[in-house]
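>>> Pasting the sequence and the predicted model now:
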Amino acid sequence: QSYDTWIQVGLALQDGFGPITGSELFVDWSSRGAKFDGIAECMKKFRSFHDPREITIATLFYIAKENGYQGEDDFDLAAIRAKAEVGAQLLDSWAKQDETVTDNRAHLIDIITHPVGLIADIYEWMRKVSYLKQDLFSVAAATSLASVFYAHKFRDRSNSYTNNYIICVGPTGCGKSMICDNAQWLMANAPTKLHNRLMGEMASAPGLIDELVRKDGIAYSYIDEIGQFFRFSKGENSSQYTQAIGTEMTKIYSKAHTSYTTQAYSAAAKRPVREIDHPCLIIFGQSVPGRLYDSVTKEDFRDGFFNRFTLIEITKDEIPVRNPDYVAAEDCPPTEIYEFWNHLDSWTTNEIHKISSCNGLTGGVNTLSVPYTDKAKEMLEECWKYYKETLPETLDDADVFKDALTRAHEMIEKYALTSCEFIDERPIITERSVRWARAFVDFHLLGLKSHVRELADTQYGRDCIKMKNSVSVGRRYTKQEFFTATNSIHI
């Protein structure tokens, strides 16, 4: 179909479903076309639809009928409104937290916003160049960037690497995009070797593999509206290559300590099986809560996909204020951080060469093993016991949150490594590193638990929330009706 038809369908969806569900449907439908430019461009176009120009949801069905659609274009509004009421009650219950949880949250935030090591240096720069005071997201971005700095350089005693997946979650206007833009700026202006680790938007599993191969196994990916990305990559109308993105991300995460054999995909794509030594994919994304959690199912916890992501979420009561000490990134370049990278790169190369000359190293990618202090080892053992034994015993086997805990200890090891300190110019994982890492993971789990609790109440509750977003006034159509109608419209 023409560009005009594409725009008309987008406007019709905005009228019929509103900004949230409408944008999701627009991306789902647009992704079938040969000219699809990716989620970010599609979402950008949808957000530009401010004037409906008298185009309504009826336009969609008119276009569909012109293309042979013969279905009904009416529905039971009363039934949808009844579901919406249930959805509103669920949303209200999610927002309620008792005083104990609130106190614990404040305590964790205090630890998280006092990071150590390289994370602390990047965090301070992020705070300077952010026009809103958004400390939680600043430290999340700093952690993600430190993960890139240490990729293929450091590992810990358990062969944990810094391949971290982090998502900033918060309502519109909370500063997510600002923080992500600053992180992108730091990478875009970094020394060439570091800058080259920055990759574009993932559109397919073969594309992800190609990027990792081109970048020698290290890639930093920023994903805008990652909740929408999850929905798109798992959608029933997505191609098999797009649907395989999540599977590849899960496998790559678990293969950082060894090598990963890729799939062949198809002969037509001309992508043979390839071997990637110690693949290190770092993901940094942002999303509004509804769009993220609405894209996640219990199966995403059961198969381990969502358990690999660390969520740093702020509430609607934590909207940031203006930063009176704001300085634009261009006027405050992170020169010392870049100098540290250059020194780190040459230092690790020399250290590895020394060790190789004396003892020889085995494995595909040579990295330095970062030791723990004795106290840090004890703290890590306590974490292991708590997450592997004590806490799971308090949960029912059917509790989805029990699945969410399966990666908690591994996450703490990864973040303790990422927050290592330098003592006598050598990296070491200290008790401060482990304490900070545990607080970072505990904060993630604290926010996740309330959402997981509702997720276990079956898919019905989530459907109610989708209906609540879809129904306001006037005539509204169900998602299934949309898919049925658009089956006859090809782009």
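The structure has been received and is ready for your questions.

>>> tally of neighbours for T335?
T335 sits with 9 neighbouring residues when counted by other Cβ atoms under 10 Å. C-betas here are computed from N, CA, C, even on glycine.

>>> mind listing the helices for the stretch 301-450 of the chain?
Using DSSP state H, counting those that start in this stretch, the helices of the stretch 301-450 of the chain run over 335-358, 374-385, 400-404, 408-418, 431-455.

>>> swap in the stretch 1-150 of the chain?
According to DSSP H, counting those that start in this stretch, the helices that the stretch 1-150 of the chain contains are 3-30, 39-47, 57-66, 77-95, 99-112, 117-128, 135-150.

>>> Mind putting those into CSV with mean neighbour count?
Conversion of the helices of the stretch 1-150 of the chain to CSV gives the following (neighbours: other Cβ atoms under 10 Å):
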stretch, mean neighbour count
helix 3-30, 21
helix 39-47, 17
helix 57-66, 19
helix 77-95, 14
helix 99-112, 14
helix 117-128, 21
helix 135-150, 27
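
>>> Tabulate these (TSV), appending distance to M178 and mean pLDDT.
Converted to TSV, the helices of the stretch 1-150 of the chain look like this (distance: least, Cβ to Cβ, whole Å; pLDDT from 0 to 100):
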stretch	distance to M178	mean pLDDT
helix 3-30	20	80
helix 39-47	16	81
helix 57-66	34	76
helix 77-95	25	42
helix 99-112	19	74
helix 117-128	10	96
helix 135-150	8	97
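
>>> most tightly surrounded among the helices of the stretch 301-450 of the chain?
helix 408-418 (a mean of 25; mean count of other Cβ atoms under 10 Å).

>>> quick one: H278 from T162, how far?
11 Å (Cβ to Cβ, to the nearest Å).

>>> Next: F340.
Here the criterion is Cβ to Cβ. By it, F340 lies 15 Å from T162.

>>> now do P427
Relative to T162, and taking Cβ to Cβ, P427 is found at 12 Å.

>>> can you check E393 too?
In this structure, E393 lies at 31 Å from T162, with Cβ to Cβ as the measure.

>>> between the two, which one's more packed in?
Here E393 and T162 are set side by side on neighbour count (other Cβ under 10 Å), and the busier one is T162, at 26 against 7.

>>> Quick check: the more buried one touching E413?
No: shown here, T162 and E413 do not form a contact pair, counting by Cβ atoms under 8 Å, at 10.3 Å.

>>> Pretty sure C168 sits in a strand.
Yes: using DSSP: H, G, I helix; E, B strand; the rest coil, the secondary structure at C168 is a strand.

>>> So what's the residue count around it?
Per other Cβ under 10 Å, the neighbour tally for C168 reads 27.

>>> which residues sit in contact with it?
136-137, 140-141, 176, 179-180, 284-287, 312-313 (Cβ atoms under 8 Å, 6 or more residues apart in numbering).

>>> Just name the closest of those residues to F17, please.
Taking Cβ to Cβ as the measure, F17 lies nearest S287 of the contacts of C168, at 18.4 Å.

>>> check contacts around A376.
Per Cβ under 8 Å, 6+ apart, neighbours of A376: 416, 429-431, 433-434.

>>> How about T310?
Contacts for T310 were tallied using Cβ under 8 Å, 6+ apart; they are 164-167, 411, 415, 440-441, 444.

>>> List just the nearest of these to W185.
Proximity of the contacts of T310 to W185 was ranked by Cβ to Cβ; the top entry is I166 with 17.5 Å.

>>> Just list whatever residues bridge to the closest one.
Using DSSP bridges, the bridge partners assigned to I166 are F284, T310.

>>> Any figure for the gap between it and R438?
As for I166, its distance to R438 is 16 Å (criterion: Cβ to Cβ).

>>> same question, A219
In this structure, A219 and R438 are separated by 28 Å, where distance is defined by Cβ to Cβ.

>>> Ok, M199 next?
Where R438 is concerned, M199 sits at a distance of 30 Å (Cβ to Cβ).

>>> try E225
In this view, E225 and R438 are 29 Å apart by Cβ to Cβ.

>>> can you check K388 too?
According to Cβ to Cβ, K388 and R438 sit 14 Å apart.

>>> go on, L25?
If you measure L25 against R438 using Cβ to Cβ, the figure is 41 Å.

>>> cool, and H152?
The gap separating H152 from R438 is 25 Å, by Cβ to Cβ.

>>> Please report phi then psi for V213.
Recorded main-chain torsions at V213 are phi -70, psi -50, according to degrees, to the nearest 10.

>>> secondary structure class for I276?
Using three-state DSSP, the three-state assignment for I276 comes out as strand.

>>> was I right about N307 contacting H409?
No: with contact defined as Cβ under 8 Å, N307 and H409 do not form a contacting pair (11.6 Å).

>>> Show the contacting residues for A141.
A141 sits next to 122, 126, 168, 179-180, 182-183, 284 when contact means Cβ under 8 Å, 6+ apart.

>>> okay, these in TSV with distance to C332 next?
As requested, the contacts of A141 are arranged in TSV below (distance: Cβ to Cβ, whole Å):
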residue	distance to C332
I122	13
M126	11
C168	22
I179	15
C180	18
N182	10
A183	15
F284	21
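
>>> element containing L281?
When secondary structure is defined using DSSP states H and E, the element that contains L281 is strand 280-287.

>>> could you give me the average pLDDT of that strand?
Across strand 280-287, the average pLDDT comes to 94.

>>> next one: stretch 198-213
85.

>>> distance between the ends of that stretch?
Across its full length, stretch 198-213 reaches 13 Å between end residues, using Cα to Cα, to the nearest Å.

>>> Stretch 24-40 too?
12 Å.

>>> ok now it, how far from the chain's centre?
What separates the centre of stretch 24-40 from the centre of its chain is 20 Å, taken as Cα atoms, centre = their mean, to the nearest Å.

>>> And stretch 174-181, by the same measure?
Per Cα atoms, centre = their mean, the centroid offset for stretch 174-181 relative to its chain is 14 Å.

>>> ditto for stretch 307-321
Per Cα atoms, centre = their mean, the displacement of stretch 307-321 from the mean C-alpha position of its chain is 12 Å.

>>> in it, what counts as buried?
By neighbour count with 16 or more other Cβ atoms under 10 Å, stretch 307-321 contains the buried residues 307-315, 320.

>>> before we move on, what about stretch 203-223?
For stretch 203-223, the neighbour count (16+ other Cβ under 10 Å) marks 203-213, 215-223 as buried.

>>> Keep only those of these that are in strands.
In this view, those that belong to strands under DSSP state E are 218-223.

>>> so which of those residues comes closest to N366?
Taking these together and measuring to N366 by Cβ to Cβ, the closest member is I218, at 13.9 Å.

>>> what residues are up against the closest one?
Contact partners of I218, counting by Cβ under 8 Å, 6+ apart, are 148, 151-152, 197, 212, 280, 282.

>>> how about the residues you listed, which pair is most distant?
Across the contacts of I218, no pair lies farther apart than V148 and L212, at 13.6 Å, counting by Cβ to Cβ.

>>> What pLDDT is listed against the closest residue to I245 other than its chain neighbours?
Counting by Cβ to Cβ, 6 or more residues apart in numbering, S233 is the residue found nearest to I245 once chain neighbours are left out, at 4.5 Å. In the predicted model, S233 carries a pLDDT score of 74.
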